[in-house]
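Participant: Here you go, sequence then predicted model.
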Amino acid sequence: MEQKRFTSLPHLTEHRMTMKEITLRVPEEVAPHIEALAKRMPEVEIERTVEIQDANSIYDLAFRSAIDELRHLKVLKQPRDFAWIMMGIEQDFDNDLCSFSSTRSFIAYMSIIGVWGLPSNTTLYNATKLVTGVYPEWIFLDDVDVSEERRRKEVFQLFLVAFRKARRRISEHINEQTTA
């Protein structure tokens with residue numbers, strides 16, 4: 001849903017009045033009603049109306065950016081490394097990550113947002129069966145050495161850091177555009 005941002009400032013009159021700047025984010029279909037209401041109040045002026053991006057697109061851009069960064073840093077070494085990201089997302093206690101109902105939905109989502117070179121559903125499904133426990137206390141059932149176990153856990157940790165950094169950067173960029 002596209003939203004609009006309104007900033008209202010009362011007109012200055014000859015007598016001093018206490019003023020407040022109010023910024024509203026409203027769905028596009030509500031915007032005309034807010035504008036009509038503001039026109040009925042002579043002391044209120046709509047300073048500007050700005051289209052802002054949907055929050056979901058910010059999320060999608062940050063998700064794709066995080067995957068791209070992990071690839072650039074060569075963190076994703078095996079196709080099944082995507083499984084550690086998916087599983088970590090499922091167990092994210094901050095609730096700032098979406099949830100996927102299956103490995104198929106995870107692959108479908110990444111395809112939709114433009115992530116390329118994805119592993120097969122079978123690869124991800126089989127990888128998820130190798131893990132028990134809750135992140136970061138995952139136990140891998142395929143007899144990996146300590147360094148590989150640590151690397152797998154770090155895949156999700158590094159994804160989370162890259163995702164949050166990208167989301168913050170994208171949000172700040174959008175805010176700069178809407179206030180300029």
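Facilitator: Structure's in. What do you need? Residues are numbered from 1 along each chain as shown.

Participant: Next one: residue 147 relative to residue 127, how far apart?
Facilitator: From residue 147 over to residue 127 the distance is 18 Å, taken as Cβ to Cβ, to the nearest Å. C-betas here are computed from N, CA, C, even on glycine.

Participant: could you pull out the strands for the chain?
Facilitator: Listed from the start of the chain, the chain has strands (DSSP state E) covering 3-10, 22-27, 44-52, 131-132, 139-140.

Participant: between residue 147 and residue 127, which one's more packed in?
Facilitator: More neighbours surround residue 127 than the other of residue 147 and residue 127, with 23 against 8 (other Cβ atoms under 10 Å).

Participant: List the residues that contact the residue minimising distance to the centre of the chain.
Facilitator: The residue lying closest to the centre of the chain (Cα atoms, centre = their mean) is residue 59, at 2.2 Å. Residue 59 is in contact with 98, 167, counting by Cβ atoms under 8 Å, 6 or more residues apart in numbering.

Participant: Pull up the gap between it and residue 172, please.
Facilitator: Taken as Cβ to Cβ, the spacing of residue 59 relative to residue 172 amounts to 15 Å.

Participant: for residue 30, same thing?
Facilitator: As for residue 30, its distance to residue 172 is 26 Å (criterion: Cβ to Cβ).

Participant: What of residue 43?
Facilitator: 33 Å.

Participant: Residue 85: how many residues sit nearby?
Facilitator: Using other Cβ under 10 Å: residue 85 sits among 25 other residues.

Participant: confidence score at residue 19?
Facilitator: Taken from the predicted model, the pLDDT recorded for residue 19 is 69.
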